[in-house]
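Enquirer: this is a predicted model, with the sequence first.
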Amino acid sequence: MMQAKTKTDHVWDVVVIGAGPAGMMAAGRAAEHGRSVLLLEKNPILGKKLLITGGGRCNVTNNKPEIRTMLETYKGNDKFLFSAFSQFGVEDTLHFFNQRGMATKEEAEGRVFPVSNKAQSVWDVLVRYMKEGGVQVQTCAVVSSLSLDITTKHIRIQLKDKTEIKAQSCIVATGGTSRPETGSTGEGFRWLKKIGHTIIDNNFALVPIALKDAWAKKIGGVTLTDIKLTTFQNGEKQEVHKGKLLFTHFGISGPTVLNMSKGIGELVQYGEVMIALDLFPKLDHGALKQKLQTLLIAESNKKLKNTLNKLIPSALVSPILELANVNGETANHSVRREDRIKLVSLMKAIPLNVKGLLGADKAVVSSGGVAPEEVNFKTMQSRLVPNLYITGDALNIDRPSGGYSLQLCWTTGFVAGSSS
């Protein structure tokens, strides 16, 4: 892999726009087929977004090797994705990285990470893959437009510095609009719309949730596991999610919260939204009441505030006592029945009042993009423009947090690189 010097009269076999996960995979795969490949990247370095994904650990995929099971997570897009995933699925991804010396491990909820816990390991494999194939790279290459030469059928790529690049095939791997500081600013959608593609309005699919509750912001850093979150609007139950929650200085985050965010984003347009946090989803009110009572009897002479931390995280003790309007200085043997009932009810449904979603700067992925009906997923080729291929986050395909977005990139990038 080397830095390319562009010749305006040269026609590349394949030009890939964007050095994210899909772009790097596509470029390496096309070069592996003996094609002359140029990779254009607007940043000074490759894979800027890849290096920060998963908190810098890079959640490579989710271990769902059965194709139909995996595709169930892509909410209604399984009919489009089946042919692509049949060519390159989860097992293929693991084999791709493992055989190139990057060991992987599986963590909670099927998430797969490099054993090194470093996104750099993933980056190293992809860069080596491209180098072995002879991919040439042009960094700081800002694309301003795409067009089709009707006579030659070549794709013409205009750069901001007025340089024109010609290609027999072009793979668009520019991503969506999440994490704009990495270069994902959505300009690819403008080019694709101009040449006839339908672009579904972009919104941020996986983002943390801001809360109104001052107490919640004071316990930033506290993580809760095995909890249940139920969304309500106007007193009506909307959605239920179980998993982990992380309190932050602005509200809540974590995998479970991220996966709720799109639904909440839609709800807040129509009124106030409240999330009920259940600290003990495996216990009903009666069982939790008995658990609390047993604890109070065992430590009957201690103060309530000094005993509750045996049941819930210490950081939550003061907020729960305050929300329940119960005096934490009360000796356990003197805690009234009605106060025990209030505490149990609260621990089963702590109200978290939604302020809104954080913006694009905190988005993990974005929804919106090219309508999937306009892409042939057997090849990732545009159904509207010959020799144009569209991959990864540039497609309007929603997916949850947990390795699904990167798997979409590996799959579509590989298929596009194989077909172009």
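Expert: Right, received. Where do you want to start?

Enquirer: which stretches in the stretch 151-300 of the chain count as helices?
Expert: Using DSSP state H, counting those that start in this stretch, the helices found in the stretch 151-300 of the chain span residues 187-194, 214-217, 255-267, 285-298.

Enquirer: my bad, should have said the stretch 1-150 of the chain
Expert: 21-32, 67-71, 78-87, 90-98, 119-133.

Enquirer: before we move on, back to that, got the helices of the stretch 151-300 of the chain as a markdown table, with mean pLDDT and distance to V122 columns?
Expert: For the C-beta atoms, the positions are set from N, CA and C on the backbone; glycine is no exception. Formatted as a markdown table, the helices of the stretch 151-300 of the chain follow (pLDDT from 0 to 100; distance: least, CB to CB, whole Å):
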| stretch | mean pLDDT | distance to V122 |
| --- | --- | --- |
| helix 187-194 | 87 | 22 |
| helix 214-217 | 94 | 34 |
| helix 255-267 | 82 | 19 |
| helix 285-298 | 95 | 43 |
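
Enquirer: V415: which of the ones you listed is closest?
Expert: helix 187-194 (18.1 Å; CB to CB).

Enquirer: and that closest one, what does it pack against?
Expert: Applying 3 or more CB pairs under 8 Å, 6 or more residues apart in numbering; DSSP states H and E, one finds that helix 187-194 contacts strand 143-148, strand 164-172, strand 199-204, strand 366-370.

Enquirer: ok, back up a step: for L277, find the nearest of the helices of the stretch 1-150 of the chain.
Expert: Ranking the helices of the stretch 1-150 of the chain by proximity to L277 (CB to CB) places helix 67-71 first, at 29.3 Å.

Enquirer: that older thread, want to throw the helices and strands packed on helix 187-194 into CSV with distance to R399?
Expert: What follows is the helices and strands packed on helix 187-194, written out as CSV (distance: least, CB to CB, whole Å):
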stretch, distance to R399
strand 143-148, 26
strand 164-172, 19
strand 199-204, 13
strand 366-370, 9
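
Enquirer: which of those strands has the lowest average pLDDT?
Expert: Of all these, the minimum mean pLDDT falls on strand 199-204 (a mean of 70).

Enquirer: number of residues surrounding N387?
Expert: N387: 17 surrounding residues under other CB atoms under 10 Å.

Enquirer: pLDDT value on it, please?
Expert: 94.

Enquirer: so of the helices of the stretch 151-300 of the chain, which one's packed in deepest?
Expert: Mean neighbours per residue, mean count of other CB atoms under 10 Å, is largest over the helices of the stretch 151-300 of the chain for helix 255-267, with a mean of 20.

Enquirer: for E373, give me its contacts.
Expert: 80, 383 (CB atoms under 8 Å, 6 or more residues apart in numbering).

Enquirer: helix/strand/coil for it?
Expert: At E373 the chain is in helix, as set by DSSP: H, G, I helix; E, B strand; the rest coil.

Enquirer: about what we covered before: so which of the helices of the stretch 151-300 of the chain is nearest W410?
Expert: The nearest among these, by CB to CB, is helix 187-194 at 18.7 Å.

Enquirer: got the contact list for that closest one?
Expert: Helix 187-194 has contacts (CB under 8 Å, 6+ apart) with 17-18, 143, 145-146, 172, 174-175, 199, 202, 368-370, 390, 394.

Enquirer: please repeat the previous calculation with a cut-off of 6 Å.
Expert: Residues from elsewhere that reach helix 187-194, judged by CB atoms under 6 Å, 6 or more residues apart in numbering: 145-146, 172, 174, 199, 370, 394.

Enquirer: got it, and stretch 225-241?
Expert: Under CB under 6 Å, 6+ apart, the answer for stretch 225-241 is 242, 244-245, 256, 260, 263, 267, 271, 273-279, 281.

Enquirer: what is the burial count for Q158?
Expert: Neighbours of Q158 (other CB under 10 Å): 15.

Enquirer: contacts only, for it.
Expert: Q158 makes contacts with 144-145, 164, as judged by CB under 6 Å, 6+ apart.

Enquirer: report the separation between K79 and G196.
Expert: From K79 over to G196 the distance is 23 Å, taken as CB to CB, to the nearest Å.

Enquirer: how about H154?
Expert: Remark: distance between H154 and G196 (CB to CB) = 17 Å.

Enquirer: hang on, the earlier thing: deepest-packed of the helices of the stretch 1-150 of the chain, please.
Expert: Comparing those by mean count of other CB under 10 Å gives helix 21-32 as most buried, with a mean of 30.

Enquirer: low-scoring pLDDT stretches of this protein, where are they?
Expert: The chain contains residues with pLDDT under 70 at 1-8, 55, 176-186, 202-205, 270, 359-367.

Enquirer: alpha carbons of stretch 319-328, as CSV, please.
Expert: Provided in CSV are the C-alpha atoms of stretch 319-328 (Å, rounded to 0.1, in the frame of the first residue of the first chain):
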residue,chain,number,x,y,z
PRO,A,319,-31.4,9.6,45.8
ILE,A,320,-33.8,6.7,46.6
LEU,A,321,-34.4,7.9,50.1
GLU,A,322,-35.0,11.4,48.9
LEU,A,323,-37.3,10.3,46.1
ALA,A,324,-39.3,8.1,48.4
ASN,A,325,-39.3,10.9,51.1
VAL,A,326,-38.0,8.5,53.7
ASN,A,327,-35.7,9.5,56.5
GLY,A,328,-32.4,7.6,56.2
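
Enquirer: so what touches it?
Expert: So stretch 319-328 is contacted by 215, 304-305, 339, 342-343, 346 (CB under 6 Å, 6+ apart).

Enquirer: out of these, the closest to C409 would be?
Expert: Ranked by distance to C409 (CB to CB), those are led by W215 at 39.0 Å.

Enquirer: contacts only, for that closest one.
Expert: Listed by CB under 6 Å, 6+ apart, the contact partners of W215 are P319.

Enquirer: what bridges to H241?
Expert: Bridge pairing for H241 (DSSP bridges) gives the partners L229.

Enquirer: from P44, how far off is it?
Expert: The spacing between H241 and P44, counted by CB to CB, is 39 Å.

Enquirer: of these two, who's got more company?
Expert: Neighbours were counted for H241 and for P44 using other CB under 10 Å; H241 has more, 17 against 8.
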